[in-house]
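**Student:** Fold the following.
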Amino acid sequence: MADFAAPRVRRQGHRGPVRIPELIGSTCLHARQFIAHVDPFTFAVHGFKALLLKETGVAAIWQDIVYLTVFGVVALAVAVPLFKRSL
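**Tutor:** I've put the predicted structure just below:
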């Protein structure tokens, strides 16, 4: 059982967890928030959580559905011209 904890300690460093300087963490926070706001996975998870865990209806997640539909259409519109078929 002790063997499972040993690799974690080695990854953290010999004196404890390795800390990222506050400057890097604070500047990256805005970038991470932007990525999370644009990422379709965020909207999908929000919708699934609302439907499965909170037992809400489709009316509660209509914004998630609209965003995922628009994202899918835009991604498909960009991907189709870029796809080169070769035999």
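**Student:** which outside residues touch the helix or strand hosting G47?
**Tutor:** Assigned by DSSP states H and E, G47 belongs to helix 40-48. Identification of contacts with helix 40-48 by Cβ atoms under 8 Å, 6 or more residues apart in numbering yields A36, I61, D64, I65, Y67, L68, F71, G72. C-beta here means a position set from N, CA and C on the backbone, and glycine is covered the same way.
**Student:** Tell me the buried residues in it?
**Tutor:** Neighbour-count burial for helix 40-48, counted by 16 or more other Cβ atoms under 10 Å, picks out F43, A44, G47.
**Student:** Is it possible to get CSV of the residues you listed that adds pLDDT and distance to G57?
**Tutor:** Shown next, in CSV, are the buried residues of helix 40-48 (pLDDT from 0 to 100; distance: Cβ to Cβ, whole Å):
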residue, pLDDT, distance to G57
F43, 88, 17
A44, 90, 17
G47, 90, 11
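**Student:** Redo those residues as CSV? Include distance to K84.
**Tutor:** Listed next are these as CSV, based on distance: Cβ to Cβ, whole Å:
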residue, distance to K84
F43, 30
A44, 29
G47, 34
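**Student:** Quickly name whichever of those residues is closest to K54.
**Tutor:** G47 (10.6 Å; Cβ to Cβ).
**Student:** any idea how far the closest one lies from P81?
**Tutor:** 29 Å (Cβ to Cβ, to the nearest Å).
**Student:** Then G72?
**Tutor:** 16 Å.
**Student:** So between the two, which is more surrounded?
**Tutor:** The neighbour comparison of G72 against P81 (other Cβ atoms under 10 Å) goes to G72, with 11 against 7.
**Student:** Tell me, what's the model's pLDDT at that one?
**Tutor:** What the model reports as pLDDT for G72 is 95.
**Student:** returning to what we had before: name the next helix or strand following the helix holding G47 along the chain.
**Tutor:** Criterion used, DSSP H and E; the element after helix 40-48 is helix 62-82.
**Student:** Show residues contacting that next one.
**Tutor:** With Cβ under 8 Å, 6+ apart, helix 62-82 has contacts from P40, F43, A44, H46, G47, A50, V58.
**Student:** Pull the most distant pair out of those.
**Tutor:** P40 and V58 (17.7 Å).
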